[in-house]
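J.: with the sequence up front, the predicted model follows.
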Amino acid sequence: MNLKGRVAIVTGAASGIGRGIALALGRAGASVVCADIDPLGLTEVAAELHALGLRSLAVRTDVSKASEVTAMVEQVLRDFGTVDVLVNDAAYLGFSREHKPFLETDEAEWDLHINVTLKGTLHCCKAVVPSMVAQKRGRIINITSDAAKAMAPRGEALYSAVKSAVAAFSRTLAGELARHHVLVNCVAPGFIITPTVLKTRRPEWREKVEAMIPLRSAGDPEDIAGMVVFLASDEAKHITGQHYSVNGGTLML
Ligand SMILES: NC(=O)c1ccc[n+]([C@@H]2O[C@H](COP(=O)([O-])OP(=O)(O)OC[C@H]3O[C@@H](n4cnc5c(N)ncnc54)[C@H](O)[C@@H]3O)[C@@H](O)[C@H]2O)c1
């Protein structure tokens, strides 16, 4: 897959799946803009992209803040002249340590899910879509979860609600933007080994989960990145409004 000459923005690029996506887009030839709230992780991923000899930019951006997203996209348009690909990967995952059932959550926590995971995606789309429509070309790839497709584990009611909202939003946006040749799709990871997963699960978790996965192993960020690079490429020019799981067969729909 060749993305030479394309410019991609990846939110949540400082860690895990977002980092894997940023590096894979870079290896496919794209210039990559990494947006995240974690300055240290951003510095590391920027250095990795630089070492690959790629043009890249790291911008500290809180996607829940419209003003920061607008400023980041304006900077990208100034420096690179275009945005061809937007990957919305950033999400609120602070809940994953506690597995609190819904009745133990409060409105402040609901707001974190809504503001980062849902509104963060909306802010980024709103900032990027006008330039994509003007150039009659664009790809938006939203990272959801299998939790948006079926009953999620205990403690993930809010997470599954906002991920489902992102999926529903993406379908309708795909319909609205199709005539402008801006394609919108979702990728739903299953169990993927990332720093957040390793920090928040007990060591025996991996063995238990892998026993339930038909392909018998959890995935890596590269598994998700492969699907994202495909959806960003010319090979996917006839695909929009779709929601693909990458999950080792955990959920077969
Ligand atoms: N790992 C899995 O098993 C799994 C499964 C299903 C879906 N996902 C989805 O994949 C994506 C990445 O998950 P991960 O496991 O790589 O997590 P991660 O914690 O490794 O990465 C998430 C990144 O998002 C950034 N972020 C958080 N809030 C932000 C904000 N307000 N603005 C900008 N950046 C922000 C974090 O700093 C971090 O770098 C998320 O959307 C998650 O819901 C992951």
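T.: Perfect, I can see it now. Numbers count the residues shown, from 1 in each chain.
J.: not counting its neighbours along the chain, what's nearest residue 52?
T.: Leaving aside its chain neighbours, residue 52 sits nearest to residue 26 (5.5 Å; criterion: C-beta to C-beta, 6 or more residues apart in numbering). The way it works is simple: take the backbone N, C-alpha and C, and place the C-beta from them, glycine included.
J.: so the one you found: helix, strand or coil?
T.: helix (DSSP: H, G, I helix; E, B strand; the rest coil).
J.: and it, how far is that from residue 64?
T.: 26 Å (C-beta to C-beta, to the nearest Å).
J.: which one of these two has more residues nearby?
T.: residue 26 (25 against 20; other C-beta atoms under 10 Å).
J.: do I have it right that the more buried one meets residue 53?
T.: No: here residue 26 does not reach residue 53: they are 9.2 Å apart, not a contact under C-beta atoms under 8 Å.
J.: what residues does the stretch 1-150 of the chain have near the ligand?
T.: Within the stretch 1-150 of the chain, the positions adjacent to the ligand are 11-12, 14-18, 36-38, 41, 61-64, 89-91, 93, 116, 120, 143, 145 by C-beta under 6 Å from any ligand atom.
J.: quick check on the residues you listed: which are buried?
T.: The neighbour-count test (16 or more other C-beta atoms under 10 Å) marks 11-12, 14-18, 36-37, 41, 61-64, 89-91, 93, 116, 120, 143, 145 as buried among those.
J.: helices - which of the residues you listed land there?
T.: Judged by DSSP state H, the subset of those located in helices is 16-18, 41, 120.
J.: which members of the residues you listed define the maximum pairwise distance?
T.: Spatial extent of those (C-beta to C-beta) is set by the pair 41 and 120 at 16.6 Å.
J.: strands of the stretch 151-253 of the chain, start to end?
T.: Taking DSSP state E, counting those that start in this stretch, the strands of the stretch 151-253 of the chain run over residues 182-189, 243-246.
J.: isn't residue 191 up against residue 216?
T.: No: taking C-beta under 8 Å as the definition, residue 191 is not a contact partner of residue 216, at 11.4 Å.
J.: could you name every residue contacting both of those two?
T.: 210, 248 (C-beta atoms under 8 Å, 6 or more residues apart in numbering).
J.: higher neighbour count, the two?
T.: residue 191 (19 against 10).
J.: what separates the more buried one from residue 56, distance-wise?
T.: From residue 191 over to residue 56 the distance is 29 Å, taken as C-beta to C-beta.
J.: same question, residue 231
T.: Using C-beta to C-beta, we find residue 231 at a distance of 20 Å from residue 56.
J.: more neighbours: which of the two?
T.: Shown here are residue 231 and residue 56; by other C-beta under 10 Å, residue 231 has more neighbours (24 against 21).
J.: for the more buried one, give me its contacts.
T.: By C-beta under 8 Å, 6+ apart, the contact set of residue 231 is 139, 141, 183, 185, 187, 239, 244.
J.: tell me the confidence at the last one?
T.: The pLDDT attached to residue 244 in the predicted structure is 98.
J.: number of residues surrounding the nearest residue to it once chain neighbours are set aside?
T.: Distances taken as C-beta to C-beta, 6+ apart place residue 187 nearest to residue 244, at 5.5 Å, with adjacent residues excluded. Neighbourhood size, residue 187 [other C-beta under 10 Å]: 26.
J.: residue 187 pairs with what?
T.: When bridges are called by DSSP bridges, residue 187 pairs up with residue 143, residue 244.
J.: helices along the stretch 101-250 of the chain, start to end?
T.: Taking DSSP state H, counting those that start in this stretch as the test, the helices found in the stretch 101-250 of the chain are 107-112, 119-135, 157-177, 195-200, 205-212, 221-232.
J.: which helices and strands does the one helix or strand residue 72 maps to pack with?
T.: Per DSSP states H and E: residue 72 is located in helix 66-80. Counting contacts by 3 or more C-beta pairs under 8 Å, 6 or more residues apart in numbering; DSSP states H and E, helix 66-80 is packed against strand 7-11, strand 31-36, strand 56-60, helix 119-135.
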